[in-house]
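Undergrad: Predicted coordinates and the sequence they were generated for:
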Amino acid sequence: MQIHLITVGKLKEKWLRDAYAEYDKRLQRYCRLTLTELPEARLSESPSDAEIAAALQQEGKTILHSCRGKIIALCIEGKLRSSEEFAEMLDSAAVSGDSTVSFVIGSSFGLSDEVKKAADIRFSMSPMTFTHQIARVLLMEQLYRAFQISTGGKYHK
């Protein structure tokens, strides 16, 4: 399976980069993972709603251009899934011939409506709010957990 992670912005803190790298290493035996880090649109210090909407639209075009295969958008409006349901979702994609899945994580303002509409699946990790940087590491952990669940590994208890 090919997992394509598309994110807006970079991991700024070393501890986040280290956590990401650890799960990237663990996932190598289960999938081919690629990462595309897209630049955040520049905004003023106190952006208006119109500025934010324009930035999301600009980021959205770049995101959609980068997507391959089944698109899974991480957004607050998405469906909550347990770790087991997440594993089933990945297994289902692989069995249905979608061997490439693009996970999309937007900027701190989220994702444009265009990206959400283009997504095959809208996925919410939690009703809690996380930074997009933390969401990236959490997604990596859940991907690893999902592959462990699917292969009967001992990581998921």
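TA: Yep, that arrived.

Undergrad: Next, please give the residue ranges for the strands of the chain.
TA: 2-8, 32-38, 70-80, 100-105, 121-124 (DSSP state E).

Undergrad: Out of these, which is closest to Leu111?
TA: Each of the strands of the chain has some distance to Leu111 by Cβ to Cβ; the shortest is strand 70-80, at 5.5 Å. Heads up, the C-betas are built off the backbone N, CA and C, glycines and all.

Undergrad: what about that closest one, distance to the chain center?
TA: 8 Å (Cα atoms, centre = their mean, to the nearest Å).

Undergrad: Alpha carbons of it, as PDB, please.
TA: Taking Å, rounded to 0.1, in the frame of the first residue of the first chain, the C-alpha atoms of strand 70-80 are listed here in PDB:
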ATOM      1  CA  LYS A  70      -8.300   7.800  -2.400                       C
ATOM      2  CA  ILE A  71      -8.400  11.200  -0.600                       C
ATOM      3  CA  ILE A  72      -8.900  11.100   3.200                       C
ATOM      4  CA  ALA A  73      -9.300  14.600   4.700                       C
ATOM      5  CA  LEU A  74      -8.600  15.100   8.400                       C
ATOM      6  CA  CYS A  75     -11.200  17.700   9.500                       C
ATOM      7  CA  ILE A  76     -13.400  18.400  12.400                       C
ATOM      8  CA  GLU A  77     -16.500  17.600  10.400                       C
ATOM      9  CA  GLY A  78     -15.200  14.100   9.700                       C
ATOM     10  CA  LYS A  79     -16.400  10.900  11.100                       C
ATOM     11  CA  LEU A  80     -14.900   9.600  14.300                       C
END
